[in-house]
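# Here is my input; please provide its structure:
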Amino acid sequence: MRSVSASVCLLLMTALCPQGATAQQSTEMERVRLQSGDVVLDVTPALGGRVLRFGLADRPNLIKVGDPVASQPAPVVSPDADDIGYLGHDVWLGPQSGWWSDQYVNPARRASKAVWPPDPYLAFAETRVVARSPERLVLEGIDSPVTGVRLLKAFAFDPTDPSTVIVTATARNIRDRPVARDLWFNTRTSAATRVYVPVADVRDVRVEAAEGATPAWTIEGGVFSFLPMPQEMEMRRGKVFLQPSAGWMAGFAQGQVFVIRFDHLPRAAIHPEHGQVELYLDHAADVQAGLLEMEVHAPFRTLAPGEAMQARERWTVLPYEGPETRDAQVAFLCSRLQLCAGPAVR
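Presented below is the predicted three-dimensional model:
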């Protein structure tokens, strides 16, 4: 997300791919498909190792993907590169204010304390396939002179739950001095997704938004959600920083429920600039065409030279045929997935 305050295979034959992990053709971009039962996950080793599809095989993709995936499949990796709207799911390093302040390959961005774009070496580079099987994929990125780390990403279906994928990121300090960072998962979906986060207190919510475009929200029964956009508003654009009361959030869209679970952390473990959960919402009249980012921060840590840190999310997808109402969806989370929240403190 731009700071609000600052405004497959490469024509390979399927027979060459391991059984169950098929590769699908996109415009010159490799995609590796992992599948377990009715759940599919498509990942490209390009673009830093990015998720391009997740959901039930017979239903629409829950991950929002930008047109440049097809039109610009091979971006230049350079310290001068700007952002390209590939979207999908990827991993950043927090805090955002430090993206360009601890590097020397782009002096202008360092001097201006730039908070955009994200690290091109993490976002654009081709990754190396370290391990690949029908239900598991491991990708290794390149050394980044911008954030001073190398990322390793792993995607694996939970052997005890075929509807769940474990998404793991490991960051290793490649410098000869300490670096202070956090792992930051960013999953993009449509702004039409109805998202719910357990939040105990209105004081655990902070909002940054464009003037006149602040998203309205509510906490009912200990669960945060956005309110519909009023008719008089032309657009909503803003970010909500949350301290959750439990380690999950969920989105309902396209006849599916998408649950992201993570280790619940105390506020002190998260960099003060951020929330453990962050939701960036950006849409105009066509809500389906808009963007919702479901973001999770891991603990902020200082890594010694060569030291690594790791974080993971658990993604679960299930069919949802119930009413498109808040009460019905929150009840489904509690009864079907045991994701229940207590009453909010006001």
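# now Ala284, nearest residue through space, not along the chain?
Once flanking residues are discounted, Ala284 sits nearest to Met235: 4.4 Å by CB to CB, 6 or more residues apart in numbering. Using the backbone N, CA and C atoms, a C-beta is placed for each residue, glycine as well.
# Identify the residues contacting that neighbour.
213, 282-285 (CB atoms under 8 Å, 6 or more residues apart in numbering).
# For it, give its distance to Tyr86.
23 Å (CB to CB, to the nearest Å).
# Please apply the same query to Thr170.
22 Å.
# of those two, who's got more company?
Neighbour totals were compared for Thr170 and Tyr86, and Tyr86 leads with 24 against 19 (other CB atoms under 10 Å).
# Can I get stretch 161-174 as CSV, trimmed to CA atoms?
C-alpha atoms of stretch 161-174 as CSV (Å, rounded to 0.1, in the frame of the first residue of the first chain):
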residue,chain,number,x,y,z
ASP,A,161,-6.3,-30.5,6.9
PRO,A,162,-6.5,-30.5,3.1
SER,A,163,-8.3,-27.2,3.2
THR,A,164,-5.4,-25.4,4.8
VAL,A,165,-2.1,-24.1,3.3
ILE,A,166,0.8,-23.1,5.5
VAL,A,167,2.6,-20.0,4.2
THR,A,168,6.1,-19.5,5.7
ALA,A,169,8.6,-16.7,5.2
THR,A,170,12.2,-16.6,6.4
ALA,A,171,14.4,-13.5,6.3
ARG,A,172,18.2,-13.8,6.7
ASN,A,173,20.5,-10.9,7.4
ILE,A,174,23.0,-10.8,4.6
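# buried sites along that stretch?
163-174 (16 or more other CB atoms under 10 Å).
# just stretch 256-269 next, same as before
256-262, 265.
# And those, which is closest to Gly322?
Ranked by distance to Gly322 (CB to CB), the buried residues of stretch 256-269 are led by Val257 at 9.3 Å.
# which ones are touching the nearest residue to Val91 once chain neighbours are set aside?
With CB to CB, 6+ apart as the criterion, Val91 has its nearest non-adjacent residue at 4.7 Å, and that residue is Ala169. Contact partners of Ala169, counting by CB under 8 Å, 6+ apart, are 91, 151-154, 183, 185, 310-312.
# Now name the helix or strand holding the nearest residue in space to Arg194 that is not next to it in sequence.
With sequence-adjacent residues excluded and distances taken as CB to CB, 6+ apart, Arg194 is closest to Phe252, at 4.6 Å. Remark: Phe252 resides in strand 248-253, with elements defined by DSSP states H and E.
# List the contacts of the next helix or strand along the chain from that strand.
The helix or strand immediately downstream of strand 248-253 is strand 256-261, counting by DSSP H and E. Residues outside strand 256-261 that contact it (CB under 8 Å, 6+ apart) are 54-56, 59, 62, 185, 187, 189, 193, 247-252, 294, 296, 313-320, 329, 332-333, 337, 339.
# Who does Phe54 form a beta bridge with?
Leu41 (DSSP bridges).
# count of residues packed around it?
Look at Phe54: counted by other CB under 10 Å, it has 25 neighbours.
# surely it meets Val65?
No: Phe54 is not in contact with Val65 according to CB atoms under 8 Å; the separation is 10.7 Å.
# how about Val43, what does it touch?
Counted by CB under 8 Å, 6+ apart, Val43 has contacts 31-32, 34, 49-52, 137, 139, 155.
# Which among those residues count as buried?
Among those, those buried by neighbour count (16+ other CB under 10 Å) are 31-32, 34, 49-52, 137, 139, 155.
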